[in-house]
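Colleague: Here is a sequence with its predicted model. Questions after.
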Amino acid sequence: MSSNVITTAGSFRQALSFRWQTVFQAMVCGLFGHQMENKRARVPGTARICRCGANFLSENAGETRVRHILSCFFMGHKYVKAGIRDGINEYLCEQCGHPLLFSADQDPYTGLDRFLKGVRYLCSLFGHRVRLVGEREGLAEYICHCGHSFLRQKQNRTKVTHPLTCFFAGHFVRFTERRGDYAEYLCRNCGHTFYLW
Ligand SMILES: [Zn+2]
Ligand SMILES: [Zn+2]
Ligand SMILES: [Zn+2]
Ligand SMILES: [Zn+2]
């Protein structure tokens, strides 16, 4: 068998395996939602493409269903400093875009540009004890002492829980605005936001 034939057979196998990986990814994304990816190296303004090949998380319109990233839930979020807004220090997870917000005068991570922080399972299970910090997008912004934030209909809320819809189906997010280096997305069901480069 000539080396040409071997190379062609090799490329064919590679192409077939790549195709099956894409088909498998598309099935996973269809069942559980797309996977959030927070790539700092991404060129701003270019389309975001999921590993299944779909264009997603458009900054123009439309909604994207995203699944939970289990490594963040069990191993913790990898936060980096994102900026400061109205006296609130903002951080974002480099893997899943989860934000973390603290009043600048009560920020336990002041001075750190990068840190790993585990999920507060008690808050996740029983609800976050929140306070109102502002209003935007026609919604009220609440933050918990654990740093979790929500954009929800304004009410006299002291507690915000994660709805089961999002737990089982993932989040249904849409773009809200670009602030500095990152774009913000909001889940319509739970008010969870995500910050993506
Ligand atoms: Zn996908
Ligand atoms: Zn994360
Ligand atoms: Zn909390
Ligand atoms: Zn949600």
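Modeller: Okay, I see it. This one's a predicted model, so the numbers in the text were calculated from it and none came from an experiment. Ligands and ions are numbered 1, 2, ... in the order given.

Colleague: which residue ranges form the strands in this structure?
Modeller: Using DSSP state E, the strands of the chain run over 48-49, 55-56, 64-66, 77-85, 88-93, 99-103, 114-117, 128-136, 139-144, 149-152, 159-160, 171-179, 182-187, 193-196.

Colleague: Next, the angle from the fourth one to strand 99-103.
Modeller: Looking back up the chat, that one is strand 77-85. Using axes from the mean of the first three to the mean of the last three C-alpha atoms, to 10 degrees, one finds that strand 77-85 and strand 99-103 are set 50 degrees apart in direction.

Colleague: In its sheet, which strands sit next to strand 77-85, and in what direction?
Modeller: Under the criterion DSSP bridges, strand 77-85 sits next to strand 88-93 (antiparallel), strand 114-117 (antiparallel) in its sheet.

Colleague: Would you indicate which residues of that strand are buried?
Modeller: Of the residues in strand 77-85, those buried under the neighbour-count criterion (16 or more other C-beta atoms under 10 Å) are 77-82, 85. Any C-beta I mention is one placed from the backbone N, CA and C, and that applies to glycine too.

Colleague: Please name the residues that touch F150.
Modeller: For F150, the contacting residues are 128, 130, 141-143, 160, 190-193, by C-beta atoms under 8 Å, 6 or more residues apart in numbering.

Colleague: Count the neighbours of the closest residue to it other than its chain neighbours for me.
Modeller: Nearest non-adjacent residue to F150, counting by C-beta to C-beta, 6 or more residues apart in numbering: G191, 4.0 Å away. Look at G191: counted by other C-beta atoms under 10 Å, it has 21 neighbours.
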